[in-house]
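K.L.:
Quick one, what's the 3D model for this:
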Amino acid sequence: MKNYRMIVDCEQCIGCHACEVACKQEFNAPLGFFRIMTLYLDTGTFPKVKRDFLPISCSQCEDSACLKACSKNAIFQENGIVSIDKSKCNGCGECVKACSIGAIYVNPLSDIAEKCNLCSHRLEIGLRPACEATCVANAIKIIDINQEKRPENAKVFKTDLSNKLRTLYVGANEIMKEKFKSSQSFSPLNYEIYNWARRDYE
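P.N.:
The predicted structure follows:
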């Protein structure tokens, strides 16, 4: 059995949003909704300034809160991936409320919940997920930990200490956690330049 993990190297990410574009095209996500989103954070004081990037998507939690919250048994785990059975989902949004980072949304066109499933349909036929295939900086990689070792410096990046996350990050800025919105889907407002900077004096 496969046991997939997403590895995100924030030190390599250049914030180009190619992963988002590829994902939206692969799944025909509606305007304003994202399965993966790249967050920005500006820190420091001129001339010592830095911009960090954080591609964030479903962490494929081992003890998925979304799965537990779903009263229709529409969410299941297989091969280390948390997926949604469209034939069972009624779009109630309970899974959205349960997610601590906002990685799930209900498609307003289909009334079906959607989230990252590591492009399982592509993995099944030997293709790389859309985000990995299009990443020009090689910052995203999906591995089967039964066959490939995880990077020694990769670790979980959690906002809720009770979560058991599968996705691992290299070099993620801990301050980025302040940008996550529990029980709210990823928001396009994360692109607003006024939200990028951390202002400790405010």
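K.L.:
Which secondary structure elements does the helix or strand of the chain with the lowest mean pLDDT sit against?
P.N.:
Lowest on mean pLDDT, DSSP states H and E among the helices and strands of the chain sits strand 36-45, with a mean of 90. Helices and strands touching strand 36-45, as assessed by 3 or more Cβ pairs under 8 Å, 6 or more residues apart in numbering; DSSP states H and E, comprise helix 18-27, strand 48-57. (Glycine included, C-beta is placed from N, CA and C.)
K.L.:
where along the chain do the strands fall?
P.N.:
4-9, 36-45, 48-57, 75-78, 81-84, 105-106, 113-114, 140-144, 168-170 (DSSP state E).
K.L.:
Rebuild these as JSON lines, extending it with mean neighbour count.
P.N.:
Formatted as JSON lines, the strands of the chain follow (neighbours: other Cβ atoms under 10 Å):
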{"stretch": "strand 4-9", "mean neighbour count": "22"}
{"stretch": "strand 36-45", "mean neighbour count": "18"}
{"stretch": "strand 48-57", "mean neighbour count": "18"}
{"stretch": "strand 75-78", "mean neighbour count": "16"}
{"stretch": "strand 81-84", "mean neighbour count": "21"}
{"stretch": "strand 105-106", "mean neighbour count": "22"}
{"stretch": "strand 113-114", "mean neighbour count": "23"}
{"stretch": "strand 140-144", "mean neighbour count": "20"}
{"stretch": "strand 168-170", "mean neighbour count": "22"}
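K.L.:
export those strands to a markdown table and tack on distance to Asn153?
P.N.:
Putting the strands of the chain into a markdown table (distance: least, Cβ to Cβ, whole Å) gives the following:
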| stretch | distance to Asn153 |
| --- | --- |
| strand 4-9 | 9 |
| strand 36-45 | 20 |
| strand 48-57 | 16 |
| strand 75-78 | 27 |
| strand 81-84 | 24 |
| strand 105-106 | 31 |
| strand 113-114 | 31 |
| strand 140-144 | 14 |
| strand 168-170 | 5 |
